[in-house]
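> quick one: sequence plus predicted model below, questions after.
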Amino acid sequence: MKQTTEIRGRGPWQLAYERLRRDRAAIGSAITILIAVLVALSAPLLAQITGHPPTMQFGHTGLGPTGIPVGPGAEFWLGTDGLGRDVLVRIAYGTRVSLLVGVVASGLAVLIGAVVGIAAGWFGGIVDTILSRLMDVVLSLPFLVLALALAALVGPGLGISIFLIAFFSWATVGRVVRAEAKSIREREYVQAARALGAGNAHIMFVEMLPMVGATVIVYATLLIPASIGFEATLSFLGLGVPPPTPSWGNMLADAMAYYKVAWWLLLFPGAALLGVTYAFNVLGDSVRDALDPKHDQTIKPGGQS
Amino acid sequence: MSNDVLLQLTGVVKEFTVKVGSGFKRRKRSLQAVAGVDLSLRRGETLGLVGESGCGKSTLARCVMRLFAVDSGRVVFDGDDLTHASNAVLKPYRRRMQMVFQDPYGSLNPRRRVGSIIGDPFRIQGVGSAADRQAKVQELMQLVGLNPEHYNRFPGEFSGGQRQRIGIARAIALRPELIVCDEPVSALDVSIQAQVLNLLADLQKELGLTYLFISHDLSVVRHVSDRVAVMYLGTIVEIAPSEAIYERTRHPYTSALLSAVPRFEADAGTARVESVLSGDPPSPLDPPSGCRFHPRCPRAQDRCRHEVPVLRVGNADDPEHLTACHFPLVDGDAS
């Protein structure tokens, strides 16, 4: 009896977590993301240390005699931009924008997608038809054209960027969740819940949601880099975060005028964008593998498990 | 056994719409899975329901539980007509009738802890406080022979037999009167089957349950049932007290089913005349005219092709024994 209680039950989430912990790519990308988060959090600290607020222009020290940006050095670690602003501090502040947009927009998209998908899959019939056609319509809309039009109408800003990105992302999640929900509704445990008199809310959120949880988490991690990319695109086109607030996208846009003489304007924001989106993508793939019970790496013949 | 009728089914019909054909020839047709079933369950008894796969047993079970809407006929539970009751009306009745499912793997949500699954009846029906629930859940686990310490585990950590015990604990949580057991042991090893059947029998004694026990396994049904109903292609063809159906078989289909049961006693004096069925059951999409069994029946005559036999008492001495056959076997005919 003593022994049976000592064998701790491991739930599906716990198993996934343990698989994730053994995945070196996952650890590496998690560390990269952690560093990005730390940089974002410590952006004001960085401004304090260097003495360069993100929007302040240093006309004398930050620009060369001919008005050309200064390269990386002791004063400006990653150089300055065309207006004599510190690139390092601006990248750090840009990380805040990117992570905020990435997490909030994909969180919203996944939330809407999961609820709509579960509702379509569970209710079926006319509700399913309406919601499915709605998702088809959203998926067939050209993102950039509509984003340009809408942003021009409302004016650029952080809020509208998040809204636009979430609006164009939720349908992908919704479709996948709907397909899963449709198969889950036929399972016997859903029948058992109905036999107990369970209402729609219980079945949708207690029985179905945990089952689509794996899909939702994978999509969330994969949507974050996509959203960061979307935000950079919008900002690059001048429709995202308005200047002088720094974002990776508008920094890259500013770099277009100077990249022939100031390579650091393109390299550092570009590297930040690439590094963070790549890390999220790798993490997303690892999470998907970890949550897939058929992809079990914790039980290896001969290995210590 | 009392004559108090707990569940009364009258002419229950359940149709499904299926799509047949492909491309432009694709069209919808209706399939009668349950084609007019009359059945009554007395309080405290176990009624076995047997039949081949696909004969509509499970569909009938779901009609009884009102998980499906019934297309025609009536479902009356303890005097209350539930045929067209809405989910809201049904909710209080759900405490009084429960179901044990066939698949011990499919009937428990793999992502939820066992304590939470067994606690569902209390949560959904709003019985007891949250604080009481864990004690009640552990009490139930004890009752069905599970270790109450394991309430925090996931279904995946239990064996098939243990999972079926979890399903039974969930079903009896609110002390129902009727339990519909839809092939509760067919997915289990034979050695485990007996344990689960004994558990069901003990619970029946202890809690005064009424069972509708569905199975395709005649020896299991014989072991547990007071009465047995035999179903073929959506209809009941014979219903009788358990011992009568095995000893004084009247319907040729029942006889064929019984002869298909493998038997160990090779020298069992009265060896049953072999009447093994040929072919598959006809498609319920296109049921045979007249008696649905006639294409496979060794005794079929012209009348069977045209006239639908009704379920009736064949022998006045045996009023409990009903058969739907124009030419039933007479005692001693086939056995």
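In hand now; what should we look at?
> in the stretch 1-150 of chain B, what residue spans correspond to strands?
Shown for the stretch 1-150 of chain B, the strands assigned by DSSP state E, counting those that start in this stretch span residues B:5-20, B:27-42, B:46-50, B:72-77, B:80-81, B:97-100.
> doesn't residue A:116 make contact with residue A:131?
Yes. Judged on C-beta atoms under 8 Å, residue A:131 makes contact with residue A:116 at a distance of 5.5 Å. Where C-beta positions appear, they are placed from N, C-alpha and C, glycine not excepted.
> overlap in contacts of the two?
A:174, A:178 (C-beta atoms under 8 Å, 6 or more residues apart in numbering or on different chains).
> ok, residue A:157 touching residue A:239?
No. With contacts counted by C-beta under 8 Å, residue A:157 stays clear of residue A:239, the gap being 9.2 Å.
> between the two, who's got more neighbours?
residue A:239 (25 against 15; other C-beta atoms under 10 Å in any protein chain shown).
> so the more buried one belongs to a strand, correct?
No. Applying DSSP: H, G, I helix; E, B strand; the rest coil, one finds residue A:239 to be coil, outside a strand.
> quick one: contacts for it?
A:147-148, A:151-152, A:156, A:161.
> inside helices: which ones of those residues?
Here DSSP state H is the test, and those give A:147-148, A:151-152, A:161 as lying in helices.
> where does residue B:214 land in three-state SS?
strand.
> now do the contacts for it.
Counting by C-beta under 8 Å, 6+ apart, residue B:214 has contacts B:48-50, B:57-58, B:60-61, B:180-183.
> tell me which two of the contacts of residue A:239 sit farthest apart.
Farthest apart among those by C-beta to C-beta are A:152 and A:161. That separation is 13.2 Å.
> give me the more crowded residue out of these two.
residue A:161 (28 against 11).
> would you mind confirming that that one makes contact with residue A:101?
Yes. When contacts are counted by C-beta under 8 Å, residue A:161 is listed as touching residue A:101 (5.9 Å).
> can you list residues touching both of those two?
By C-beta under 8 Å, 6+ apart, the residues touching both residue A:161 and residue A:101 are A:230-231.
> and the helices in the stretch 1-150 of chain A?
For the stretch 1-150 of chain A, the helices defined by DSSP state H, counting those that start in this stretch cover A:2-6, A:12-21, A:24-41, A:43-50, A:87-123, A:125-140, A:143-154.
> so for the closest residue to residue B:173 other than its chain neighbours, what's the pLDDT?
Nearest non-adjacent residue to residue B:173, counting by C-beta to C-beta, 6 or more residues apart in numbering or on different chains: residue B:121, 3.9 Å away. Looking at residue B:121, its pLDDT reads 93.
> and the one 10 residues further on, by the same measure?
Model confidence at residue B:131, expressed as pLDDT, equals 83.
> repeat that for residue B:257.
Predicted confidence (pLDDT) for residue B:257: 86.
> my guess is it contacts residue B:218, does it?
Yes. Taking contacts as C-beta under 8 Å, residue B:257 lies within contact range of residue B:218: 6.3 Å.
> which one of the two has more residues nearby?
Neighbours per residue, other C-beta under 10 Å: of residue B:257 and residue B:218, the larger number sits with residue B:257, 23 against 19.
> how much space separates the one residue sitting closest to the centre of chain B from residue B:100?
Geometric centre of chain B, nearest residue: residue B:214, 2.5 Å, by C-alpha atoms, centre = their mean. Residue B:214 is 10 Å from residue B:100, where distance means C-beta to C-beta, to the nearest Å.
> please apply the same query to residue B:239.
Counting by C-beta to C-beta - residue B:239 and residue B:100 are separated by 22 Å.
> returning to what we had before: would CSV of the helices of the stretch 1-150 of chain A with distance to residue B:143 and mean pLDDT be doable?
Rendered in CSV, the data for these read as follows (distance: least, C-beta to C-beta, whole Å; pLDDT from 0 to 100):
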stretch, distance to residue B:143, mean pLDDT
helix A:2-6, 19, 45
helix A:12-21, 28, 80
helix A:24-41, 44, 90
helix A:43-50, 60, 85
helix A:87-123, 33, 92
helix A:125-140, 40, 94
helix A:143-154, 58, 84
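> for the ones you listed, give me TSV that also has distance to chain B.
As requested, the helices of the stretch 1-150 of chain A are exported to TSV (distance: least, C-beta to the nearest C-beta, whole Å):
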stretch	distance to chain B
helix A:2-6	6
helix A:12-21	6
helix A:24-41	22
helix A:43-50	39
helix A:87-123	13
helix A:125-140	13
helix A:143-154	34
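> single out the most deeply packed of those helices.
Comparing the helices of the stretch 1-150 of chain A by mean neighbour count (mean count of other C-beta atoms under 10 Å in any protein chain shown), helix A:87-123 ranks first with a mean of 24.
> just checking, what packs against it?
helix A:24-41, helix A:43-50, helix A:125-140, helix A:158-184, helix A:209-236, helix A:248-255, helix A:264-291 (3 or more C-beta pairs under 8 Å, 6 or more residues apart in numbering or on different chains; DSSP states H and E).
> would you list those helices in JSON lines and tack on distance to residue B:132?
What follows is those, written out as JSON lines (distance: least, C-beta to C-beta, whole Å):
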{"stretch": "helix A:24-41", "distance to residue B:132": "42"}
{"stretch": "helix A:43-50", "distance to residue B:132": "52"}
{"stretch": "helix A:125-140", "distance to residue B:132": "37"}
{"stretch": "helix A:158-184", "distance to residue B:132": "30"}
{"stretch": "helix A:209-236", "distance to residue B:132": "24"}
{"stretch": "helix A:248-255", "distance to residue B:132": "55"}
{"stretch": "helix A:264-291", "distance to residue B:132": "35"}
